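Novice: Let's see this in three dimensions:
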Amino acid sequence: MSERVARISRTTKETDIELSVDLDGTGTTDMETGIGFFDHMLTAFGRHGLFDLSVRCAGDLEVDGHHSVEDVGIVMGQAFAQALGDKRGIRRFGDIALPMDEALILAAVDISGRGQLFWNAQVPPVMVGSFDATLAKEFFIAFAANAGVTLHVRQLAGENTHHVIEGMFKAVARAMRQACEPDPRMGDALPSTKGML
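Specialist: You can find the predicted model right below:
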C-alpha cells in the first residue's frame, strides 16, 4: 500500500487553514486553531486514531468559533478522502462504544463514498472553555460530508459536556482508525460489490 498522506491548504474570507494527515502515523499531533478545547479534541483524534495530524487555522474568532470549527472539519474530511486514495485494501467499516467517565459514546463509520452524519446526542448549548459545544455536531457534519463517509454518532450516556464531546472525538477517531486500516485478507481488492466506493 502506497503512502497515505495528504496536505491541504484552504483560504476564505473567514479562515486560513493548513492541514496535513498521515493515516499510518503514530498519533503525533500539532494543533493551533485559537480555540483551546478544539485543539484538545483534535489532539485526541490524532492520538487515538494513530493519525499524524497537523492543523493550523487562523479564523475570525472575533465573530465566534463557528467558521473555524466547521472549516477545519471540511479540510480534515478532504484530507482523509485524498489520503485514502482509491480505498483498495481497507477494512471500510469501523465501530466502537467508547466510555469517557460517565459518558458512553457509540461511533460507527462506513467509508462508503456517501458523506453523511447521523447524530443522536443531547449536547447543550454551553461553552466549554472558548468552544461552543453545539459546534461539535457542525464539525462532524463537515468532516463526514467531505471525507465521503457515513458516520453515526450516538450518546448512550453522559452528563458532563466536556466528557460527552471528548468521548465523541475519541470514538470517531477509533472507528476511523479501524475503517482506514489495511485488511490483509482483502489484499488490493476494493471492499465493495459495486466495483467502486
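Novice: which residues in this structure form strands?
Specialist: Ranges of strands within the chain are 5-11, 15-22, 29-32, 52-59, 93-100, 103-110, 116-120, 127-128, 131-132, 150-157, based on DSSP state E.
Novice: Just put those in JSON lines and tack on distance to residue 65, mean neighbour count and mean pLDDT.
Specialist: C-beta: built from backbone N, CA, C; applies to glycine. Formatted as JSON lines, the strands of the chain follow (distance: least, Cβ to Cβ, whole Å; neighbours: other Cβ atoms under 10 Å; pLDDT from 0 to 100):
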{"stretch": "strand 5-11", "distance to residue 65": "17", "mean neighbour count": "15", "mean pLDDT": "98"}
{"stretch": "strand 15-22", "distance to residue 65": "11", "mean neighbour count": "20", "mean pLDDT": "98"}
{"stretch": "strand 29-32", "distance to residue 65": "14", "mean neighbour count": "16", "mean pLDDT": "98"}
{"stretch": "strand 52-59", "distance to residue 65": "7", "mean neighbour count": "20", "mean pLDDT": "98"}
{"stretch": "strand 93-100", "distance to residue 65": "22", "mean neighbour count": "18", "mean pLDDT": "98"}
{"stretch": "strand 103-110", "distance to residue 65": "22", "mean neighbour count": "22", "mean pLDDT": "98"}
{"stretch": "strand 116-120", "distance to residue 65": "19", "mean neighbour count": "14", "mean pLDDT": "98"}
{"stretch": "strand 127-128", "distance to residue 65": "10", "mean neighbour count": "17", "mean pLDDT": "98"}
{"stretch": "strand 131-132", "distance to residue 65": "6", "mean neighbour count": "21", "mean pLDDT": "98"}
{"stretch": "strand 150-157", "distance to residue 65": "20", "mean neighbour count": "18", "mean pLDDT": "98"}
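Novice: wait, which of those strands is closest to residue 39?
Specialist: For residue 39, the closest of the strands of the chain is strand 29-32, at 4.0 Å, according to Cβ to Cβ.
Novice: Starting from the closest one, tell me which strands it pairs with and how they run.
Specialist: strand 52-59 (parallel) (DSSP bridges).
Novice: Compare the strands of the chain and give me the one nearest residue 184.
Specialist: The closest of the strands of the chain to residue 184 is strand 93-100. By Cβ to Cβ, the value is 15.7 Å.
Novice: Can you lay out the strands of the chain as CSV showing distance to residue 143?
Specialist: Putting those into CSV (distance: least, Cβ to Cβ, whole Å) gives the following:
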stretch, distance to residue 143
strand 5-11, 13
strand 15-22, 12
strand 29-32, 15
strand 52-59, 12
strand 93-100, 14
strand 103-110, 10
strand 116-120, 8
strand 127-128, 19
strand 131-132, 16
strand 150-157, 7
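Novice: among those strands, which is nearest residue 166?
Specialist: The nearest among those, by Cβ to Cβ, is strand 93-100 at 5.5 Å.
Novice: helices or strands next to the closest one in the packing?
Specialist: Helices and strands touching strand 93-100, by 3 or more Cβ pairs under 8 Å, 6 or more residues apart in numbering; DSSP states H and E, are strand 103-110, helix 161-180.
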